[in-house]
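Visitor: please work out how this folds:
(one chain, ligands or ions: 1)
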Amino acid sequence: MRQKFYFLIIAFVSNCLLVTAQITPYHYKAQKDIQVSSAAVVSAHTIASQVGESILKKGGNAIDAAIATQFALAVVYPGAGNIGGGGFMVAHLKNGKNFSLDYRETAPAAAFKNMYLDADGNAVTDMSQLGYKASGVPGTVAGLFAALPYAKFKMPVLIAPAIQLAEKGFVITKAEAASLNSARKDFMELNKEPVAFVKKGLWKAGDTLIQPQLAATLKRIGKLGQKGFYEGITARMIQNDLKKNAGIISLEDLKNYKAKFRDPIQFNYRGYQIISMPLPSSGGIILQQVLKMIENKDVQAMQFQTAASVQLLTEAERRAFADRAQYMGDADFVQVPVKQLLDNTYLQKRMSDYVPGKAGNSKETGAGFIPEHEETTHISIIDGAGNAVSVTTTLNGSYGSRVVIAGAGFIMNNEMDDFSIKEGVPNMYGAVGNAANAIAPGKRMLSSMTPTIVLKNNKPFVVVGTPGGTTIPTSVIQSLVNIIDFNMNADDAVNKPKFHHQWLPDILYIEKGFSPAVADSLRNMGYTIEQRSAIGRTELIKINPVQKKKIEAVADHRGDDDARGY
Ligand code: GLY
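Guide: Model (predicted):
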């Protein structure tokens, strides 16, 4: 009787949210750049942004909106939105408190350093990237519950729109149809039971995706709390499915998973206070290293995307990524010299061999001496009270391990590939690492996710983040340099072409639209240049307090991303 009453309440609340706040699962069009006066949500999908907006309009704050948006993304953006993965949240609260929350996946207790090596010691990346052995213990659900004390609503209210979307379905876009079709073969080969992501024939734009098993899992989470995922039926479904298929996540691993609050990376760049994610993400450290390496140069005078400004950023990135490979890993397990890596004298010394007009070289420039298929997704939110939240979450590759937990209907991550599975062997993003990021039971794999908030006079000025594997820190860096040094509006800061260098391979990647003349100048300096696919899908909110419509919220044009607000 009590249960029936409980579900009636949830159904009532979810219906109210869907009706009153314009959530339109069967007919929608992405908004890319909005100017609003009170609050905004930017995410990878229109329906998820609508869900976040609806929660804000109902009186929720930015944390409520972040939780509801992330659950909605787990339904409407299955390639990266997730409950089977992990993520990071950076928040600035209206009372001045800043926090970062780590809900990164962990290596299962049965994991070991050489688990992805064959008998001859060769790395088998198929195993770390695909299938039942590729997953770390998921952290997303624990993370969202850890954030809940900062929210106004209870979880059943925040998860209700996601339940309804999974149960009743939503219409998919052309990009989502193409993406699901490209993963079809893996879904069919890996999963013994039928999965919602495979239909008879191919997906096309306008088809409806219904996920009844996922709806049931979300209901268990709404009803039982964190235990609805990490214990009981859902946990047994995860363990049974993995055990049958030689996966190694145990019931104990699930029960023991804990999200962790951590001290955020905080520093000043040209008078702006920047707040970002610490280890086990390399993102915040790389952001601080690069910005501090270029702060004493007149970047503004060099101008946007001239050979000079591109070279400067490239050389700073080369050095930061070399340090990432050498030193960074989960600081709960290995000693990472964070203080030294962020020391200004050290960073200036790192740039002492930078020669304007001449390409650096990753053979000569290693780490300093001190005694992401890319599928991740980002949510940027500001509410009317001045709370700001920046969340980046991931399954790692697109649709993660492509394992859909039998009966539970959600996709598991392939985050184990973010460990250094063998020293010097590149992961799926081409990033190398060593002992600092070696696999160990319970350890978190090194990430590049860079959810970031910038304050000006202690008030939110920019909320930003992006997917993109190792290109994440560089997209965030360039979006911020575009705003702070080149005075760009939010739209240009996000959508102008980007470039990327990550030490190894020693290649300067440029996006379509990058000036051919500047590329030629850089080649003449000695850079190897390659054009690559899109760099990032940045969700950015910029606040200009003196304007009436003070919030500019921009969803990256590179995808289906969407900005909502009022
Ligand atoms: N899986 C991508 C990252 O965490 O950097």
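
Visitor: grab the most central residue of the chain for me.
Guide: residue 392 (3.1 Å; Cα atoms, centre = their mean).

Visitor: what about that one, which SS state?
Guide: Secondary structure assignment for residue 392 (DSSP: H, G, I helix; E, B strand; the rest coil): strand.

Visitor: how about residue 186?
Guide: Quick answer, by three-state DSSP: residue 186 is helix.

Visitor: I figured it hits residue 402, correct?
Guide: Yes: if you go by Cβ atoms under 8 Å, residue 186 and residue 402 touch, sitting 4.1 Å apart. (Glycine included, C-beta is placed from N, CA and C.)

Visitor: which neighbours do these two share?
Guide: residue 130 (Cβ atoms under 8 Å, 6 or more residues apart in numbering).

Visitor: low-confidence regions, the stretch 101-250 of the chain specifically.
Guide: Nowhere does the stretch 101-250 of the chain drop to pLDDT under 70.

Visitor: which one of the residues in it is closest to the ligand?
Guide: Residue of the stretch 101-250 of the chain nearest the ligand, by Cβ to the nearest ligand atom: residue 104 (7.6 Å).

Visitor: burial measure for that residue, as a count.
Guide: Close neighbours of residue 104, defined as other Cβ atoms under 10 Å, add up to 31.

Visitor: quick one: contacts for it?
Guide: 86, 87, 88, 136, 139, 280, 281, 415, 444, 445, 447.

Visitor: which of residue 186 and residue 402 has more neighbours?
Guide: Applying other Cβ under 10 Å to residue 186 and residue 402 shows that residue 402 carries more neighbours, namely 26 against 18.

Visitor: that one: what secondary structure?
Guide: Judged by three-state DSSP, the three-state class of residue 402 is coil.

Visitor: surely it meets residue 131?
Guide: Yes: if you go by Cβ under 8 Å, residue 402 and residue 131 touch, sitting 7.3 Å apart.

Visitor: shared neighbours, those two?
Guide: residue 190.

Visitor: name whatever forms a beta bridge with the residue of the stretch 301-450 of the chain at minimum distance from the ligand.
Guide: At 3.2 Å from the ligand, residue 447 is the closest residue in the stretch 301-450 of the chain, using Cβ to the nearest ligand atom. With DSSP bridges applied, residue 447 shows beta-bridge pairing to residue 281.

Visitor: can you pull the residues of the stretch 351-500 of the chain lying near the ligand?
Guide: Counting by Cβ under 6 Å from any ligand atom, the residues of the stretch 351-500 of the chain close to the ligand are 372, 376, 394, 396, 418, 447, 448, 449, 469.

Visitor: same check on the chain?
Guide: So far as Cβ under 6 Å from any ligand atom goes, the chain lies against the ligand at 372, 376, 394, 396, 418, 447, 448, 449, 469.

Visitor: pLDDT-wise, what's the bottom of those residues?
Guide: Lowest pLDDT within the residues of the chain next to the ligand is found at residue 372 (44).

Visitor: can you tell me the SS state at the closest residue to the ligand within the stretch 451-566 of the chain?
Guide: Per Cβ to the nearest ligand atom, residue 469 is where the stretch 451-566 of the chain lies closest to the ligand, at 5.2 Å. Classification of residue 469 using three-state DSSP returns coil.

Visitor: that one against residue 417, yeah?
Guide: No: applying Cβ under 8 Å as the test, residue 469 and residue 417 come out as separate, 10.2 Å apart.

Visitor: find residues that contact each of the two.
Guide: residue 428.

Visitor: show me where pLDDT drops low in the stretch 401-550 of the chain?
Guide: In the prediction, the stretch 401-550 of the chain carries no residues with pLDDT under 70.

Visitor: where do the strands of it begin and end?
Guide: Using DSSP state E, counting those that start in this stretch, the strands assigned to the stretch 401-550 of the chain run over residues 452-456, 459-465, 499-500, 508-511, 529-532, 539-543.

Visitor: same check on the stretch 101-250 of the chain?
Guide: Using DSSP E, counting those that start in this stretch, the strands of the stretch 101-250 of the chain run over residues 170-171, 208-209.

Visitor: the last one packs against which elements?
Guide: To tie it back to what came earlier, the one meant is strand 208-209. strand 170-171 (3 or more Cβ pairs under 8 Å, 6 or more residues apart in numbering; DSSP states H and E).

Visitor: please redo it, this time with the cut-off set to 10 Å
Guide: Judged by 3 or more Cβ pairs under 10 Å, 6 or more residues apart in numbering; DSSP states H and E, strand 208-209 is in contact with helix 155-168, strand 170-171, helix 174-190.

Visitor: and these, which is most packed in?
Guide: helix 155-168 (a mean of 25; mean count of other Cβ atoms under 10 Å).

Visitor: helices or strands up against that helix?
Guide: Counting contacts by 3+ Cβ pairs under 10 Å, 6+ apart, helix 155-168 is packed against helix 2-20, helix 46-57, helix 62-76, helix 140-147, strand 208-209, helix 212-224.

Visitor: just the CA atoms of that helix, as CSV, please.
Guide: Provided in CSV are the C-alpha atoms of helix 155-168 (Å, rounded to 0.1, in the frame of the first residue of the first chain):
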residue,chain,number,x,y,z
MET,A,155,16.1,12.2,-4.9
PRO,A,156,12.7,10.8,-6.0
VAL,A,157,11.8,14.2,-7.4
LEU,A,158,15.2,14.7,-9.1
ILE,A,159,15.2,11.3,-10.7
ALA,A,160,11.5,11.3,-11.8
PRO,A,161,12.0,12.9,-15.2
ALA,A,162,14.7,10.4,-16.1
ILE,A,163,12.4,7.5,-15.1
GLN,A,164,9.6,8.9,-17.2
LEU,A,165,11.9,9.4,-20.2
ALA,A,166,13.2,5.8,-19.9
GLU,A,167,9.8,4.4,-19.5
LYS,A,168,7.9,6.4,-22.1
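
Visitor: can you give me the angle it makes with helix 140-147?
Guide: 150 degrees (axes from the mean of the first three to the mean of the last three Cα atoms, to 10 degrees).

Visitor: helix 155-168 vs helix 46-57, what angle?
Guide: Using the same axes, to 10 degrees: helix 155-168 against helix 46-57 is 150 degrees.

Visitor: any idea how far helix 155-168 is from the chain center?
Guide: Centroid separation between helix 155-168 and its chain, computed with Cα atoms, centre = their mean, to the nearest Å, is 22 Å.

Visitor: again with stretch 538-555
Guide: Here stretch 538-555 shows a centroid-to-chain-centroid distance of 21 Å under the convention Cα atoms, centre = their mean.

Visitor: who's in contact with residue 424?
Guide: By Cβ atoms under 10 Å, 6 or more residues apart in numbering, the residues touching residue 424 are 123, 325, 432, 433, 434, 504.

Visitor: same question, residue 458
Guide: 92, 96, 273, 386 are the contacts of residue 458 under Cβ under 10 Å, 6+ apart.

Visitor: can you add pLDDT, secondary structure and neighbour count and give those back as a markdown table?
Guide: A markdown table is the format used below for the contacts of residue 458 (pLDDT from 0 to 100; DSSP: H, G, I helix; E, B strand; the rest coil; neighbours: other Cβ atoms under 10 Å):
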| residue | pLDDT | secondary structure | neighbour count |
| --- | --- | --- | --- |
| 92 | 98 | strand | 26 |
| 96 | 97 | coil | 10 |
| 273 | 98 | strand | 18 |
| 386 | 97 | coil | 19 |
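
Visitor: need the max-distance pair from these.
Guide: Farthest-apart pair in the contacts of residue 458 is 273 and 386; separation 14.4 Å (Cβ to Cβ).
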